[in-house]
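S.K.: sequence plus the predicted model coming up.
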Amino acid sequence: MMARWKTPLLGFVLALLVTTLSGSLIQTQFNLAAIAALGAEISLTTRLGTSAQDLLGFAPLYAAMVAVALAVALPLATLGWRWLPLPPGLLYPLAAALGLWLAFTIADALAPMPTLIAATRSLSGTLAMLGGAALGGLVYACCRAGRTS
């Protein structure tokens, strides 16, 4: 049973889910915070409803971006480990965050609007989104090591 947790494919899928879901929720809350800063009152019900809508609407598109970023970053991290021998619990989160940062940079350069994902307009929003990717990278590292926690 533990052998299943060691497969890179399962680790990739779980990392993709963690990164996508956390990123979607993070960007929703950053967007709502920006609206609240303009003086709008945002209830818990609105926050939860908007979060659910974004999980259905934004998350699938974001998952595509994350999938490409992780599909490049995680194997490169595995290959690069020879030259940068970091512990997997640091290597894969760092690779996932850097991969997503590169994806944001490319998407913003290609998008017709100044910033494709509004939460990444600020340093705090970008770091929060990259934190979600790092968490996904940590999940990947744990799966590769055969640990579930």
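M.R.: All right, it came through fine. Numbers count the residues shown, from 1 in each chain.
S.K.: name the helices or strands packed onto the helix ranked longest in the chain?
M.R.: For the chain, the longest helix by residue count, based on DSSP state H, is helix 44-80. Where contact means 3 or more Cβ pairs under 8 Å, 6 or more residues apart in numbering; DSSP states H and E, helix 44-80 is packed against helix 8-37, helix 88-110, helix 123-145. The C-beta positions use only the backbone N, C-alpha and C, and glycine is treated the same way.
S.K.: show me where the protein dips below the pLDDT cut-off.
M.R.: Within the chain, the segments meeting pLDDT under 70 span 1-6, 146-149.
S.K.: now with 80?
M.R.: 1-7, 112-116, 145-149 (pLDDT under 80).
S.K.: now for the nearest residue to Phe30 once chain neighbours are set aside: which residues touch it?
M.R.: Nearest residue to Phe30, sequence neighbours excluded (Cβ to Cβ, 6 or more residues apart in numbering): Ala119, at 3.8 Å. Counting by Cβ atoms under 8 Å, 6 or more residues apart in numbering, Ala119 touches Ile26, Gln27, Phe30, Asn31, Gly125, Thr126, Ala128, Met129.
S.K.: and the two most separated of those residues?
M.R.: Asn31 and Thr126 (13.8 Å; Cβ to Cβ).
S.K.: name the SS class of Gly39, please.
M.R.: In three-state terms, and counting by DSSP: H, G, I helix; E, B strand; the rest coil, Gly39 is coil.
S.K.: hey, which of the helices and strands packed on helix 44-80 is tucked in deepest?
M.R.: helix 123-145 (a mean of 21; mean count of other Cβ atoms under 10 Å).
S.K.: for Cys142, give its distance to Leu79.
M.R.: Per Cβ to Cβ, to the nearest Å, Cys142 is found 20 Å from Leu79.
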